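> Output the structure for:
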Amino acid sequence: MIKFCSLFSGSSGNCLFVGAGRTKILIDAGVSGKRIIEALCSIGENPSDISAVLISHEHSDHIRSAGIISRKLDVPIYANVKTWESMERSIGPVKVENKRFFNTGEELVIGDICVNTFSIPHDASDPVGFNFMVDNRKITTATDIGHITKRLLENFESSDLILLESNHDVEMLKVGPYPWSLKKRILGDNGHLSNEMAGKVIAYMAKKGTRRFLLGHLSRENNFPELAYQTVSNVLNENQICPGEDIELSVALRDRVGKVIEL
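The predicted structure follows:
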C-alpha cells in the first residue's frame, strides 16, 4: 500500500507526503518547518519517522524549510546537482551525509519506495517531477510546468494518481495586478500550467486509464479552487468524461492539509 497526502500546494508554498511501510518521504518543503510538522501530526504521522526530503527545484516556495527539516529531524535531502548548487546557500548548513544527489532521469530506491525522476519545463536550474512506485501502484507529482511535452505524458502513463499543476486562469492573470514581465513569464514555455491546459492533460490521461487526479499549485492571485475545478470539469465534460463518475477529481489547497489517499 502507498499513502499520499498534499500537506500544502500552491504558489505560496508546497509540501507533499508519500509513505509506504516504514518509508516516509516529503516532496519539497516550501512552508515553515513548524507548519510541516503540525501537518504531519494531523494525518497521524510522526515527524521523527520521515526518511527523506525530495526537492523538485530551488524556488523558495519549494525549499523554504528544507534545511530546517533536515537539521531538526536529521534526514537526507535529495536533489540533482544543479538544484543543489542553486539552493545550498538558501537552506543553510546540511550535514555532508544528508546531502544526497541524483541525476535527472534516474531511478532511486528510498526504503520501500521506488522513485523515478523526470525533467519538467520550468525556469529553474534542473526542475523535476516524480513517480513513486510501490507494489504496482504509481503516484505522479508534477507542478511548475510551462508546457506539456510528449515525454512528460509518457512519464504520466500508468499512474493510479496524478497531482498536476493547475496554476492559473489565463484571463484572471491577464487582467490582474502582476507586471507584464511576470505575466509573460507565467504564460511562457517555462512558466506555469493553466486550468484549461490541466483539463486537457487530465482528459488525455483519463482516456489512458488514470482514475484519480489532484489539481495542485494554484496561484493565490490568479486562481481559486472552485474556478480551477470547474474549468477542468468543463474540459472533461467536452471529452465525455464525468468527474465523480468516470474519474475522481479534487483540488489540493494552498493553506490546509488535504485528504489522505491510500492505494
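
> make it CA atoms for all contacts and neighbour counts henceforth
Noted.

> three-state assignment of residue 226?
helix (DSSP: H, G, I helix; E, B strand; the rest coil).

> And the pLDDT for it?
pLDDT, residue 226: 98.

> Please apply the same query to the one 5 residues further on.
The confidence metric pLDDT takes the value 98 at residue 231.

> next one: the one 3 residues further on
The model reports residue 234 with a pLDDT of 98.

> Kindly report the same for residue 183.
97.

> Surely it is in a helix?
Yes - secondary structure of residue 183 (three-state DSSP): part of a helix.

> Measure how buried the residue nearest to residue 20 when sequence neighbours are not counted is and give me the count.
Spatial nearest neighbour of residue 20, excluding adjacent residues (C-alpha to C-alpha, 6 or more residues apart in numbering): residue 2 at 4.8 Å. Using other C-alpha atoms under 10 Å, residue 2 has 21 neighbouring residues.

> what's the answer for the one 10 residues further on, then?
Per other C-alpha under 10 Å, the neighbour tally for residue 12 reads 17.

> which outside residues touch whichever strand or helix holds residue 249?
Assigned by DSSP states H and E, residue 249 belongs to strand 248-251. When contacts are defined by C-alpha atoms under 8 Å, 6 or more residues apart in numbering, strand 248-251 is touched by residues 211, 212, 213, 214, 215, 216, 225, 228, 229, 243.

> Let me know the helix or strand that the fifth one is in.
So that's residue 215. For residue 215, the host element (DSSP H and E) is strand 212-216.

> pLDDT at the residue nearest to residue 60 when sequence neighbours are not counted, what is it?
Leaving aside its sequence neighbours, residue 60 sits nearest to residue 30 (C-alpha to C-alpha, 6+ apart; 6.3 Å). Note for residue 30: predicted pLDDT of 98.

> from what I can see residue 30 touches residue 67, true?
No - in terms of C-alpha atoms under 8 Å, residue 30 does not count as a neighbour of residue 67; the distance is 10.6 Å.

> Let's see the pLDDT reported for residue 2.
Residue 2 is given a pLDDT of 97.

> can I assume residue 88 sits in a helix?
Yes - counting by three-state DSSP, residue 88 is located in a helix.

> which secondary structure element contains the residue nearest to residue 60?
Using DSSP H and E, no helix or strand contains residue 30.

> List the residues that contact it.
12, 13, 14, 15, 60, 61, 62, 63, 64, 65, 66.

> do the same with residue 110
Residue 110 neighbours (C-alpha under 8 Å, 6+ apart): residue 23.

> now with 10 Å?
23, 24, 25, 51, 52 (C-alpha atoms under 10 Å, 6 or more residues apart in numbering).

> that older thread, mind giving me the packing neighbours of the strand holding residue 215?
In terms of contacts (3 or more C-alpha pairs under 10 Å, 6 or more residues apart in numbering; DSSP states H and E), strand 212-216 is packed against strand 3-8, strand 137-142, strand 161-165, helix 195-207, helix 225-238, strand 248-251.

> in its sheet, what does the helix or strand following the last one sit against?
Following strand 248-251 in sequence order, the next helix or strand is strand 261-262 (DSSP H and E). In the sheet, strand 261-262 lines up against strand 3-8 (antiparallel) (DSSP bridges).
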